[in-house]
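> Got a sequence here, can you model it:
(2 chains)
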Amino acid sequence: MRDMIVSELTQAMQELARGFAHFLPRLIVMLIIAFVGWVIAYILKVVLRAILRLAQFDKLSESAGAAHLLTQAALPSSTELLSRFGFWVAWLGFLLLGVSVLGIAGLQEHISNFFLFLPRLFVALVIVFFGLLAASFFSRAALLAAVNANLPSPRLLSLSIRTIIIVFVLSMVFEELGVGEQTMLVTFGTAFGAVMLGFAIAFGLGGQRLAQRFLERRFLPGTKEEKEDELPPL
Amino acid sequence: MAEESVLRDDFLRQLISVGEVDILVGLATHNNAKTVGPVVKAIQAGILTYFPRERAAIINADGGSRDGTPDLVTRVSIDDARPAGNLRTLRTLHSISTHYGNGPSGSALRTILAAAELLRAKACAVISPESVNIEPDWISRLLRPIYNENFDLVLPLYRRHKFEGLLMRNVIYPMTRSLYGCRIREPYATEFGFSGRLGSDFVNRDIWSHEMARSGPELPLTVAAMTGGYRLYQSFLGTKAPMDRGSNDLVPALRHTVGALFWSLQPNFAVWSASPNSQPVPTVGPESEVALEPVRVNRKRLRDAFLTGVAELDPVFRSILSPSTLAELQQIAGRSEDDFRYPAELWVKTVYEFAVSYHKSVMSRDHIIQALAPLYRGRMFSFLAENRNGSAEDIEHNIETLCGEFERLRPYLLKMWNGGE
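Down below sits the predicted model:
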């Protein structure tokens, strides 16, 4: 009886030792991959930061309005944020690669799903950045044009344009990420349609005289804006 | 060769058949049928009277007129000019019209410059087709200093109303004078003369792919002459043709003048950063002649535009102006109409900070230029209020004071340009 227990224990210990001996190299490989991955990710971060600084990416994001959002959220500059993002994506990729070496059942599928999701996440980030850039540019253009044309409520006009573009960009981002595609599409369609209908009614009914003046100026030849009391600047 | 890409084949053939000329007068037109006839006659009379022995050509670069302008230019016979003054010419006076396409207006000047280079013209002049009060002697005043005295750029001086050309008096003249050291009253001119060598140098510069050079190359031409060691001259022409009020919109005018001036600062940094104090240039006629007739101006609208701009464009100004300048602007915006003054020093700082923001591209450069419009209107309100009952001497004194401020604050511009504040 005693011998049997000892034998079973010995066998179990041997199997554990064999299993551990079998697992240990994989763990070491994983750790090596994680370490090498960290080094590569760090180099990638430094290179990416240098490239972005060279390309004056902070200035671009400032003109896009992204820098303002980041400051409000107490986040670092867009160059730093993007280079850190690159670091974590790269290192996480290496970590997952290392974990897959361990051969733990069930993890493989999740890991491959993560790698498939990465390009979509990247595209979504690009859409957000250029969307903010477009929103900032067009809202500012509308603001300046409205102020110089002496139109009423220039900021409201500018804000409306900014909101429409951002809503449009968000719907594109969610569609890209595959999050609530149908809901976002319906929400955007309804909101956009409502805003446009509101503008049309406001312009056609509320601003009847303004609409008439605008259309006459635009389409009737010889109808010039009254500027007889302005001095020619040149 | 610039002309290879600019000149159309049929135009090139016509130019080749002309050969070489001594005098070339360029006319950039676009739907100017109402005014161009008398202008061409005056140009012809000027050439026949003052350059009867020289080979001459009139080049019309047309931007696709639909009112028959090019036909009017080429149809005006030389005989129309002869009987009036009993004029005789020993040479043929060529008159050629070409269509430069639907591009920006700068393409017209580029076409004229390229034609002048191909024809090896010694002295060239550009005349505005809207200058209805042109006299034949304008041709002599613009071309003689180049043809006889080897000057390279002749810019006009006009008799103006005291409240006309305020953009020129409040920004373009004082700023070019301060930075480039030449006291040129009309750096952006619709009539001017240039030598063949300056024209040839300018047309072959690598600037024409840039929007600013293509849309308004007149000011860059003046800057090129000031920075390139060319000889400049000013010639009094008389009263400037009355401008159609409202035809000269502020924002496009700012783009062509202030935009071009800001744009010129970067490539010429080495010149203006080391430029000594300004010097007068040789001038014939009075430097400044001012008409004082009363004129109706809606000053309230100017002030309202300024107040709206300061209130509504706050986020834009925060990116362009320094906090102290913006705070001063907000302070003067809060004053009553009677107390409202936009002082020269604050105006100069505003303009310089806009120039630096343009250089650093803190946002779309066109947006920076557009954002200056309401502030310019505020400055105009102040200028009109200060000079309402001012004599010609008072106006001249105030302009001179403003020029002094632009020169005094040049180190401020330099400091900001190099990253200070």
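> how does chain A divide into domains?
Under the assignment automatic domain parsing, the domains of chain A span A:23-104, A:120-221.
> pLDDT wise, what is the residue nearest the centre of chain B at?
When CA atoms, centre = their mean is applied to chain B, the residue found nearest the centroid is residue B:188 (1.4 Å). According to the prediction, residue B:188 has pLDDT 91.
> and it, backbone torsions?
For residue B:188, the backbone dihedrals (degrees, to the nearest 10) come out as phi -110, psi 100.
> Distance check, it against chain A.
Distance, residue B:188 to chain A, by CB to the nearest CB, to the nearest Å: 7 Å. For every residue, glycine as well, the C-beta is placed using N, CA and C.
> Where does pLDDT dip in the chain?
Let's take chain A. When residues are selected by pLDDT under 70, those of chain A lie in A:63-75, A:218, A:220-230.
> wait, I meant chain B there
For chain B (pLDDT under 70), the answer is B:1-5, B:76-92, B:101-105, B:242-248, B:292, B:420-421.
> Extract the C-alpha set from the longest helix seen in it and format it as PDB.
In chain B, assigned by DSSP state H, the helix with the most residues is helix B:365-386. Below are the C-alpha coordinates for helix B:365-386, written out as PDB (Å, rounded to 0.1, in the frame of the first residue of the first chain):
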ATOM      1  CA  ARG B 365      -3.000  80.300 -44.700                       C
ATOM      2  CA  ASP B 366      -6.100  81.500 -46.600                       C
ATOM      3  CA  HIS B 367      -8.000  81.400 -43.300                       C
ATOM      4  CA  ILE B 368      -5.300  83.600 -41.700                       C
ATOM      5  CA  ILE B 369      -5.800  86.200 -44.400                       C
ATOM      6  CA  GLN B 370      -9.600  86.100 -44.100                       C
ATOM      7  CA  ALA B 371      -9.300  86.500 -40.400                       C
ATOM      8  CA  LEU B 372      -7.500  89.800 -40.900                       C
ATOM      9  CA  ALA B 373     -10.500  91.400 -42.700                       C
ATOM     10  CA  PRO B 374     -12.600  92.400 -39.600                       C
ATOM     11  CA  LEU B 375      -9.500  93.800 -37.900                       C
ATOM     12  CA  TYR B 376      -8.600  95.800 -41.000                       C
ATOM     13  CA  ARG B 377     -12.100  97.200 -40.900                       C
ATOM     14  CA  GLY B 378     -11.600  98.300 -37.300                       C
ATOM     15  CA  ARG B 379      -8.400 100.000 -38.300                       C
ATOM     16  CA  MET B 380     -10.200 101.700 -41.200                       C
ATOM     17  CA  PHE B 381     -12.800 103.000 -38.800                       C
ATOM     18  CA  SER B 382     -10.100 104.400 -36.600                       C
ATOM     19  CA  PHE B 383      -8.200 105.900 -39.600                       C
ATOM     20  CA  LEU B 384     -11.400 107.600 -40.900                       C
ATOM     21  CA  ALA B 385     -12.200 109.000 -37.500                       C
ATOM     22  CA  GLU B 386      -8.700 110.400 -37.000                       C
END
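> That helix close to chain A?
Yes: using CB under 8 Å from any CB of the partner chain, helix B:365-386 reaches chain A at B:367, B:370-371, B:373-374, B:376, B:380.
> Tell me who's in contact with the residue nearest the centre of chain A.
The residue lying closest to the centre of chain A (CA atoms, centre = their mean) is residue A:125, at 2.8 Å. Applying CB atoms under 8 Å, 6 or more residues apart in numbering or on different chains, we find residue A:125 in contact with residue A:85.
> Roughly how far does it sit from chain B?
From residue A:125 over to chain B (counting by CB to the nearest CB), the distance is 23 Å.
> Please give the element, helix or strand, for that residue.
Using DSSP states H and E, residue A:125 sits within helix A:107-148.
> you'd agree residue B:45 is up against residue B:134?
No: the criterion here is CB atoms under 8 Å, and residue B:45 misses it with residue B:134 at 9.8 Å.
> got the residue ranges for the helices in the stretch 301-421 of chain B?
B:314-320, B:323-333, B:344-360, B:365-386, B:392-408, B:410-417 (DSSP state H, counting those that start in this stretch).
> do the stretch 151-300 of chain B as well
B:166-167, B:173-180, B:196-203, B:211-215, B:218-227, B:250-254, B:260-265, B:269-274, B:299-312.
> closest one to chain A among those?
In terms of CB to the nearest CB, the element of these nearest to chain A is helix B:166-167, at 3.7 Å.
> Could you list every helix and strand in contact with the closest one?
Here helix B:166-167 touches helix B:250-254, helix B:365-386, going by 3 or more CB pairs under 8 Å, 6 or more residues apart in numbering or on different chains; DSSP states H and E.
> so is residue A:99 in a helix, a strand, or just coil?
Here residue A:99 is helix, with the state taken from DSSP: H, G, I helix; E, B strand; the rest coil.
> residues touching it, list them.
A:30, A:107, A:111.
> What separation do you get for it and chain B?
46 Å.
> Please convert the contacts of residue A:99 to JSON lines, extending it with distance to residue A:197 and neighbour count.
Supplementary listing: these in JSON lines, determined by distance: CB to CB, whole Å; neighbours: other CB atoms under 10 Å in any protein chain shown:
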{"residue": "A:30", "distance to residue A:197": "59", "neighbour count": "19"}
{"residue": "A:107", "distance to residue A:197": "51", "neighbour count": "13"}
{"residue": "A:111", "distance to residue A:197": "48", "neighbour count": "16"}
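> quick check, nearest of those to chain B?
residue A:111 (43.5 Å).
> in terms of contact, does the closest one touch residue A:95 like I think?
No: using CB under 8 Å, residue A:111 is not in contact with residue A:95, being 9.8 Å away.
> So which of residue B:45 and residue B:134 has more stuff around it?
Counted by other CB atoms under 10 Å in any protein chain shown, residue B:45 and residue B:134 do not tie: residue B:134 has more neighbours, with 25 against 22.
> so who does the residue lying closest to the more buried one once chain neighbours are set aside touch?
Using CB to CB, 6 or more residues apart in numbering or on different chains and skipping residues adjacent in sequence, the residue nearest residue B:134 is residue B:42, 4.5 Å away. Listed by CB under 8 Å, 6+ apart, the contact partners of residue B:42 are B:134-136, B:138-139.
> Show me the domain layout of chain B.
If you go by automatic domain parsing, chain B breaks into B:2-291, B:299-417.
> okay, how far is it across the shortest one, tip to tip?
End-to-end distance of domain B:299-417: 34 Å, with CA to CA, to the nearest Å as the criterion.
> Show me how far that domain is from its chain's centre.
21 Å (CA atoms, centre = their mean, to the nearest Å).
> Please see if stretch B:17-37 touches chain A.
No: Stretch B:17-37 lies apart from chain A when judged by CB under 8 Å from any CB; the minimum separation is 12.7 Å.
> would you put the C-alpha positions of that stretch in PDB?
Coordinates of the C-alpha atoms in stretch B:17-37 are reproduced here as PDB (Å, rounded to 0.1, in the frame of the first residue of the first chain):
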ATOM      1  CA  SER B  17       6.700  86.500 -87.100                       C
ATOM      2  CA  VAL B  18       7.100  89.800 -85.200                       C
ATOM      3  CA  GLY B  19      10.800  89.200 -84.500                       C
ATOM      4  CA  GLU B  20      12.300  91.400 -81.800                       C
ATOM      5  CA  VAL B  21      10.900  94.600 -80.400                       C
ATOM      6  CA  ASP B  22      12.200  97.500 -78.300                       C
ATOM      7  CA  ILE B  23       8.900  98.400 -76.500                       C
ATOM      8  CA  LEU B  24       6.200  96.100 -75.400                       C
ATOM      9  CA  VAL B  25       2.900  97.100 -73.700                       C
ATOM     10  CA  GLY B  26       0.800  94.300 -72.100                       C
ATOM     11  CA  LEU B  27      -2.900  94.400 -71.500                       C
ATOM     12  CA  ALA B  28      -4.400  91.800 -69.300                       C
ATOM     13  CA  THR B  29      -8.200  91.700 -70.000                       C
ATOM     14  CA  HIS B  30     -11.300  89.800 -69.100                       C
ATOM     15  CA  ASN B  31     -14.600  91.100 -70.300                       C
ATOM     16  CA  ASN B  32     -13.400  94.700 -70.500                       C
ATOM     17  CA  ALA B  33     -15.200  95.700 -73.700                       C
ATOM     18  CA  LYS B  34     -16.700  98.800 -72.100                       C
ATOM     19  CA  THR B  35     -13.400 100.400 -71.300                       C
ATOM     20  CA  VAL B  36     -10.600  98.800 -73.400                       C
ATOM     21  CA  GLY B  37     -11.100 100.700 -76.600                       C
END
